[in-house]
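Asker: Okay, predicted coordinates and the sequence, questions at the end:
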Amino acid sequence: LLVGAGASAARIETSWHATALVLRPTPSAWHVKPVLPPARRAHLQLRSSSPEYNDDCFGLVSCTSALVAQDVMFTGIFVVLSLAAFVATTSGALRPNNPRIPAYVAAATVAMAVAGSTVAGLESPAATEIAAAAASVAYGLYQGQINPKDSSMDGV
């Protein structure tokens, strides 16, 4: 720990491979700024600049089902399928940046909710939920049409 008399910053170094932290006091609070080795910085900048999974309609579908229709089953199915798609995309099982994957998630959610209501006798999805999921499907398929290189399912 190095702190100079009258210095405005403190520097903490733990070891050669660990993260060093630079602490700078401000009028409102202390801010922590990570100082990483150049190789780690490049990797983090690359990952943060290119998202691998992006569901633009996630908020629309989840808020419509949770807040408007108050359907726990539909919301749960959608969130679990979205999480599975996120994990599969970021782990490399599915192609990154494919705009059609969220469309498939929304379509599968409607299909599973309708099947659950038919087979198990549960409450069927509301029209607002189906409309929000249909908007997500339409948007994902449209994005797949205007970005055909990203939406290819080759190599999945």
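Answerer: Here it is on my side, so go on. Residues are numbered from 1 along each chain as shown.
Asker: Doesn't L94 belong to a helix?
Answerer: No - L94 is assigned coil when assessed by DSSP: H, G, I helix; E, B strand; the rest coil, not a helix.
Asker: Please name the nearest non-neighbouring residue to it.
Answerer: For L94, ignoring the flanking residues on the chain, the nearest one in space by C-beta to C-beta, 6 or more residues apart in numbering is A88 at 4.6 Å. C-beta here means a position set from N, CA and C on the backbone, and glycine is covered the same way.
Asker: Please identify which helix or strand holds that neighbour.
Answerer: Assigned by DSSP states H and E, A88 belongs to helix 72-91.
Asker: Could you look up the next helix or strand downstream of that helix?
Answerer: helix 100-119.
Asker: pLDDT averaged over whatever helix or strand comes next after that next one, what's the number?
Answerer: Following helix 100-119 in sequence order, the next helix or strand is helix 127-146 (DSSP H and E). Here helix 127-146 scores 92 as its mean pLDDT.
Asker: S117: neighbouring residues, count only.
Answerer: The number of residues packed near S117 is 15, by other C-beta atoms under 10 Å.
Asker: meant to ask about A127
Answerer: Look at A127: counted by other C-beta under 10 Å, it has 9 neighbours.
Asker: V68 versus the residue nearest to L94, what's the distance?
Answerer: 28 Å (C-beta to C-beta, to the nearest Å).
Asker: Now do the helix holding A88: which elements does it pack against?
Answerer: helix 58-63, helix 100-119 (3 or more C-beta pairs under 8 Å, 6 or more residues apart in numbering; DSSP states H and E).
Asker: In TSV, list these along with distance to F74.
Answerer: TSV is the format used below for the helices and strands packed on helix 72-91 (distance: least, C-beta to C-beta, whole Å):
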stretch	distance to F74
helix 58-63	9
helix 100-119	5
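Asker: now these as CSV including mean pLDDT?
Answerer: Shown next, in CSV, are the helices and strands packed on helix 72-91 (pLDDT from 0 to 100):
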stretch, mean pLDDT
helix 58-63, 90
helix 100-119, 93
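Asker: Tell me which of those helices sits most buried.
Answerer: Highest mean neighbour count among the helices and strands packed on helix 72-91 (mean count of other C-beta atoms under 10 Å): helix 100-119, with a mean of 19.
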